[in-house]
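Undergrad: Sequence and predicted model, in that order:
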Protein chains: 2
Amino acid sequence: MNRDDAVALDRTDPLAPLRDLFDLPEGTIYLDGNSLGALPRTTAGRVAEVVTQEWGQGLIGSWNTASWISLPQRVGDKVARIVGAGQGEVVIADSTSLNVYKVLASALSMAAADSPDRTVVVSERSNFPTDLYIASSLCRERGYELVLVDSPDEIEGLLDRTAVLMLTEVNYRTGYLHSMASVTAAAHEHGALVVWDLCHSAGAVPVDLGGADADFAIGCGYKFLNGGPGSPAFLWVNPRHVARFEQPLSGWMGHAAPFEMSPGYRPAEGVSRYLSGTPAVIGISALECGVDTVLAAEAYGGLPALREKSLALTRLFADLVAARLPGFTIESPLDDAQRGSQLSLSVGDGAYAIVQALIERGVVGDFRAGPKNSTQPDILRFGVTPLYTRYVDIWDAVDHLVAVMDNEEWRAERFATRGAVT
Amino acid sequence: MNRDDAVALDRTDPLAPLRDLFDLPEGTIYLDGNSLGALPRTTAGRVAEVVTQEWGQGLIGSWNTASWISLPQRVGDKVARIVGAGQGEVVIADSTSLNVYKVLASALSMAAADSPDRTVVVSERSNFPTDLYIASSLCRERGYELVLVDSPDEIEGLLDRTAVLMLTEVNYRTGYLHSMASVTAAAHEHGALVVWDLCHSAGAVPVDLGGADADFAIGCGYKFLNGGPGSPAFLWVNPRHVARFEQPLSGWMGHAAPFEMSPGYRPAEGVSRYLSGTPAVIGISALECGVDTVLAAEAYGGLPALREKSLALTRLFADLVAARLPGFTIESPLDDAQRGSQLSLSVGDGAYAIVQALIERGVVGDFRAGPKNSTQPDILRFGVTPLYTRYVDIWDAVDHLVAVMDNEEWRAERFATRGAVT
């Protein structure tokens, strides 16, 4: 395999035209779409229209005339097509953190009613921290014990006393991909509910919430859905649960008739009860442009085709690392069935500085510190977004990494100080 | 008083130049800035810069290079100047509804620790519904009774058993303005904490949270702060309380060191612990442009000058209604000290249709239904924003209202059906 082979793969890649949906900076190899997706070409124009026309000219009337009021459901319906949910089952709202709070609170209310003897919430110690912080807060409030496992193998043994199992389908550090169908089935068999965090899977791997008969799910708008920095998040509830409970963040947009202005709360039908405050019109409008880039892939085979390319890209990356970078350890599963849309590496020393040296060369991955007081290593993380990542990007990225190591560029003083966000 | 007098008042209005800070549609008299503030001239350009440059070109690096990570605090510091808070005491986050949840939860935790015998939360039945929905949810969770009063006079008698008094400084329906200083002092004297909702006051009336020694406050970004539809909200906590409690929506951005990625939550110092998820970068950037329009008034006498003009505008409005529209009742206090920045009217019949007929004539106010099962009337609501509302706008608005009534325009069939948002 040489660079020409990579270029040839791009030339015959049926998904290659999708890259044109994005405005990518010249001279950058962007391998961080799993942290912040790239800018779709339509977003700037659409946001400008929302700001200058809908807001500036339409003013308050745009809640009706531009249908701002139904944005959370309308864009939710688009996300539903990406995560295997039905129409009317998904809303866009707030942030991942807040949506975790809403669905976990509902799941605990359900568990308290159906299985009051179960007092444990199970998650992974390597889950994304915000999920754990929210879970910890809710467990304290509701009198549950939060048990964190260090390996997925420990989960099944806990299920008989588990009220709620809360997992992120693709691990943010390693890219480990759970089997949603089999984990959900095992949990249900043992009487536990499952909350799925789809932050690192929605838009990158085929998700089938309905097929898995999952209970609750939430996910991020600004990673593989390309919604922009701090984009609103999404939330799904299995239709067979959705009418059973109110969620505690019961703001007026989740009311059955917000403009009745009644002092008493009456939850909306269906998943709209998971809305809280006034929807972030500009943010959801930007998110819609991002979601549309994923839906554009439907004409090219959709998520199965994106997945196939994503696996080919990370497999190529892993092969090149194994061949050319013996000092690095691949922290992502080599088994395709267990690997999300990223490749994570560790190295004896200097992970942060190596990432910075790569960025200086125009190769943008990111650094994730090994959690304090853990034995998990620091990670160099490289996300691939099959909508715009090319085979030659992977070849070039590895080539730059080889150069950074061979020239010891990462030892430069300027890479010693960490930014606010690392 | 005739139209020429109104034009003359505008000609000598020292605040008149501030209107040029906004892009207002031709031919519209916009009296709904208390629901959605108008578009500042700088917003479209700033949002385009954030989208195309900071996101599109800077990508993930902009968390550091464009200081996205400190936006909630940086714009919070600007809001602080508008609400009488100190630097470092305000953050921008989430929605009003969610911020009510955070501060009321903290206030209840404080009350439980300091006055465990107090089991009542007091608010007004006419408070904005989302505040009541959130309070009701929290009261149920924590075992408190939510008592809603029908008149501010009933509050003092309840204070001896009140844990938390939660009030909106300016009532969204009537524009009634509480005296923050004296209500807060009375509550404290009786051992109760006070949560202030500043949605209809921030940017329109001088607010002095520090001077009143209030306990907690939250407020809206998209009304008098001109942040745009669904703009993020703000949150303030008295520095003497801020370190005492965690808030339950404890997402990673409220962690002392989010990028340590540690599985255990450790709250940030100060008000930053009230952040939850990833900040809405585009929304906060738009909000900053809106906040800057209020800060621009500092060169013209600041909030006291804005307040003086606002009162003159609503006084003129009330005088003209009294003189020319005998069928209407003024629902806002006529006492300047008790009136926010709006004038609310009621009428025997047809309030919704009258508002629609006015909108057709280019006069944009809004309709607020009398809450179901209440004796409160339907309201025609007219907000004045002293940054851009002119005296002649008030004169013309009343003139149009007279015409709508004289011609019975509101009886037209096309005004019978209500939109999704009314």
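TA: Cool, got the structure.

Undergrad: how about the residues of the stretch 101-250 of chain A near chain B?
TA: Taking CB under 8 Å from any CB of the partner chain as the criterion, the stretch 101-250 of chain A approaches chain B at residues A:101, A:125-130, A:132-134, A:136-138, A:141, A:148, A:222, A:228-233, A:246, A:248-250. The way it works is simple: take the backbone N, C-alpha and C, and place the C-beta from them, glycine included.

Undergrad: Just the ones of these in strands?
TA: Secondary structure from DSSP state E places A:148, A:233 of those in strands.

Undergrad: Generate a PyMOL selection restricted to the buried subset of the residues of the stretch 101-250 of chain A next to chain B.
TA: Filtering these down to the buried ones (16 or more other CB atoms under 10 Å in any protein chain shown) takes a single PyMOL command:
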select buried, chain A and resi 101+126+127+128+129+130+132+133+134+136+137+138+148+222+228+229+230+231+232+233+246+248+249+250
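
Undergrad: what domains does the record give for chain A?
TA: Segmentation of chain A into domains, based on automatic domain parsing, reads A:3-30+A:301-415, A:46-297.

Undergrad: out of the residues of the stretch 101-250 of chain A next to chain B, which are inside helices?
TA: In this view, these that belong to helices under DSSP state H are A:101, A:129-130, A:132-134, A:136-138, A:141.

Undergrad: farthest-separated two in these?
TA: Maximum pairwise distance in those, criterion CB to CB, is 18.7 Å, between A:129 and A:141.

Undergrad: gap between residue A:20 and residue A:295?
TA: 15 Å (CB to CB, to the nearest Å).

Undergrad: So for the two, which residue has more residues nearby?
TA: Shown here are residue A:20 and residue A:295; by other CB atoms under 10 Å in any protein chain shown, residue A:295 has more neighbours (16 against 10).

Undergrad: right, and the more buried one touches residue A:82 too?
TA: Yes: if you go by CB atoms under 8 Å, residue A:295 and residue A:82 touch, sitting 7.3 Å apart.

Undergrad: Let me see the backbone angles for the residue of the stretch 1-150 of chain A found nearest chain B.
TA: The minimum distance from the stretch 1-150 of chain A to chain B, using CB to the nearest CB, falls at residue A:95 (2.6 Å). Residue A:95 has phi and psi values of phi -120, psi 170 when expressed as degrees, to the nearest 10.

Undergrad: In contact with the single nearest residue of the stretch 201-350 of chain A relative to chain B, which residues?
TA: Nearest residue of the stretch 201-350 of chain A to chain B, counting by CB to the nearest CB: residue A:277, 2.6 Å away. Residue A:277 makes contacts with A:94, A:251-253, B:94-98, B:130, B:233, as judged by CB atoms under 8 Å, 6 or more residues apart in numbering or on different chains.

Undergrad: what about the nearest residue to residue A:379 once chain neighbours are set aside, neighbour count?
TA: Nearest-residue entry for residue A:379: residue A:368, 4.4 Å, with adjacent residues in sequence omitted and distances by CB to CB, 6 or more residues apart in numbering or on different chains. Using other CB under 10 Å, residue A:368 has 22 neighbouring residues.

Undergrad: Please apply the same query to residue A:210.
TA: For residue A:210, the neighbour count with other CB under 10 Å is 16.

Undergrad: Could you measure from the residue nearest to residue A:379 over to residue A:374?
TA: Separation of residue A:368 from residue A:374 (CB to CB): 12 Å.

Undergrad: Then residue A:267?
TA: Taken as CB to CB, the span from residue A:267 to residue A:374 is 40 Å.

Undergrad: now do residue A:415
TA: Here residue A:415 is placed at a distance of 24 Å from residue A:374 (CB to CB).

Undergrad: Compare neighbour counts for the two and give me the winner.
TA: Ranked by neighbour count (other CB under 10 Å), residue A:415 and residue A:374 place residue A:415 first, with 19 against 14.

Undergrad: What pLDDT does the model give that one?
TA: At residue A:415, the predicted lDDT confidence score is 94.

Undergrad: And residue A:373, by the same measure?
TA: For residue A:373, pLDDT reads 78.

Undergrad: Report the contact partners of the spatially most central residue of chain A.
TA: The centre of chain A sits closest to residue A:199, judged by CA atoms, centre = their mean, with a distance of 1.7 Å. By CB under 8 Å, 6+ apart, the contact set of residue A:199 is A:96, A:128, A:168, A:170, A:172, A:218-220, A:223.

Undergrad: ditto for residue A:67
TA: Residue A:67 makes contacts with A:74, B:420, as judged by CB under 8 Å, 6+ apart.

Undergrad: For stretch A:294-311, which outside residues touch it?
TA: Under the criterion CB under 8 Å, 6+ apart, residues A:13-15, A:17-18, A:21, A:78, A:81-82, A:203-207, A:224-226, A:336, A:339, A:341, A:384-387 lie in contact with stretch A:294-311.

Undergrad: for it, which positions count as buried?
TA: Quick answer for stretch A:294-311 (16+ other CB under 10 Å): A:294-295, A:297, A:300, A:302-303, A:305-307, A:309-311.

Undergrad: Would you format those residues as JSON lines with secondary structure, distance to residue B:401 and pLDDT included?
TA: Formatted as JSON lines, the buried residues of stretch A:294-311 follow (DSSP: H, G, I helix; E, B strand; the rest coil; distance: CB to CB, whole Å; pLDDT from 0 to 100):
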{"residue": "A:294", "secondary structure": "helix", "distance to residue B:401": "49", "pLDDT": "98"}
{"residue": "A:295", "secondary structure": "helix", "distance to residue B:401": "47", "pLDDT": "98"}
{"residue": "A:297", "secondary structure": "helix", "distance to residue B:401": "54", "pLDDT": "98"}
{"residue": "A:300", "secondary structure": "helix", "distance to residue B:401": "57", "pLDDT": "98"}
{"residue": "A:302", "secondary structure": "helix", "distance to residue B:401": "55", "pLDDT": "98"}
{"residue": "A:303", "secondary structure": "helix", "distance to residue B:401": "56", "pLDDT": "98"}
{"residue": "A:305", "secondary structure": "helix", "distance to residue B:401": "60", "pLDDT": "98"}
{"residue": "A:306", "secondary structure": "helix", "distance to residue B:401": "57", "pLDDT": "98"}
{"residue": "A:307", "secondary structure": "helix", "distance to residue B:401": "61", "pLDDT": "98"}
{"residue": "A:309", "secondary structure": "helix", "distance to residue B:401": "62", "pLDDT": "98"}
{"residue": "A:310", "secondary structure": "helix", "distance to residue B:401": "61", "pLDDT": "98"}
{"residue": "A:311", "secondary structure": "helix", "distance to residue B:401": "66", "pLDDT": "98"}
